[in-house]
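>>> just the structure for this:
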Amino acid sequence: MVPIPTTHGTPQNTRLADALSAEDSSVRLRAALAVGANPDPDLLETLVRRCAVEPDFFVRDMLSWALARLPPDITLPRIRRELDSERAQARGQALHTLSKIGDRSAWPWITRDMLRDADDEVARTAWRVACALVPEDGKEDLADELVTQFGRGGRDVRLSLSRALVDLGDVIRPVLEDAAADPDPAVAAHARATELLLDDPETGFDAAVAEAQRIVALGAERAAANPEEAEVAAC
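You can find the predicted model right below:
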């Protein structure tokens, strides 16, 4: 595994930086834990660069935790630069780190492009972070943007979007109603499933999707059987 270049000079930090690039993931995990337990700004660059290439999920999570332990005034500007990285993992992990830090001043950095990122994992993280950082007066606009992603991806992606929207609360009801009338059955079903989850968070997502698909199908069948009624309802 290629070591991450470092700019610090203390022997302890050099050993930790080397351990963060070790072949054994358990060694990397312990190193990330050690860095977080004794935060040192000199290791900021090493941690950020490692986030972009670390293959192990648990190590990446520990790296983000270690970054969150550093002073926000030096960490946040560096994390912001990663949001524009060409590497999807760098963008996604930067967003995840923002969620760990939880500083609402980072809200303006969550752009429409991030919420629509072509990489599903980056987009999922952006949805979650956006809903955590958005101010109260921005929730409606955020909901309007998130519903444009209804019908996207597989089950896990759709579940992530529904959960993010539900976290926004009742402000999402009007946009869910509009999306539930979308001519695309995948979009309509996703919107209705999200509405069911909003009404009853204990409802399983798969059950909510099945029920939503049934409702959408019945609506289509009814419209086909009663075209005059459907035409009146559309007016």
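>>> residue closest to the middle of this protein?
T125 (1.5 Å; Cα atoms, centre = their mean).
>>> tell me who's in contact with that residue.
G92, L95, H96, S99 (Cβ atoms under 8 Å, 6 or more residues apart in numbering). Bear in mind the C-beta positions are built from the backbone N, C-alpha and C, glycine included.
>>> give me the nearest residue to it, chain neighbours excluded.
Leaving out its chain neighbours, the residue that sits closest to T125 by Cβ to Cβ, 6 or more residues apart in numbering is L95, at 4.4 Å.
>>> wouldn't that neighbour be in contact with V122 here?
Yes - using Cβ atoms under 8 Å, L95 makes contact with V122 at a distance of 7.0 Å.
>>> these two: who's more crowded?
Neighbour totals were compared for L95 and V122, and L95 leads with 28 against 23 (other Cβ atoms under 10 Å).
>>> that one and I110, how far apart?
8 Å (Cβ to Cβ, to the nearest Å).
>>> which residues touch the residue lying closest to G102 once chain neighbours are set aside?
Counting by Cβ to Cβ, 6+ apart, G102 lies nearest to A132, which is 7.1 Å off, once chain neighbours are set aside. A132 makes contacts with S99, G102, D167, as judged by Cβ under 8 Å, 6+ apart.
>>> now do the shared contacts for L95 and V122.
Going by Cβ under 8 Å, 6+ apart, residues that sit against L95 and also against V122 are M114.
>>> so where's the protein uncertain?
Within the chain, the stretches with pLDDT under 70 are 1-9, 218-235.
>>> where exactly do the helices run in it?
Assigned by DSSP state H, the chain shows helices spanning 11-20, 25-37, 44-53, 57-68, 72-82, 88-101, 112-115, 120-133, 139-146, 155-168, 173-180, 185-199, 205-225, 227-234.
>>> show me what the third one is packed against.
Packed against helix 44-53 by the contact rule (3 or more Cβ pairs under 8 Å, 6 or more residues apart in numbering; DSSP states H and E) you find helix 11-20, helix 25-37, helix 57-68, helix 72-82, helix 88-101.
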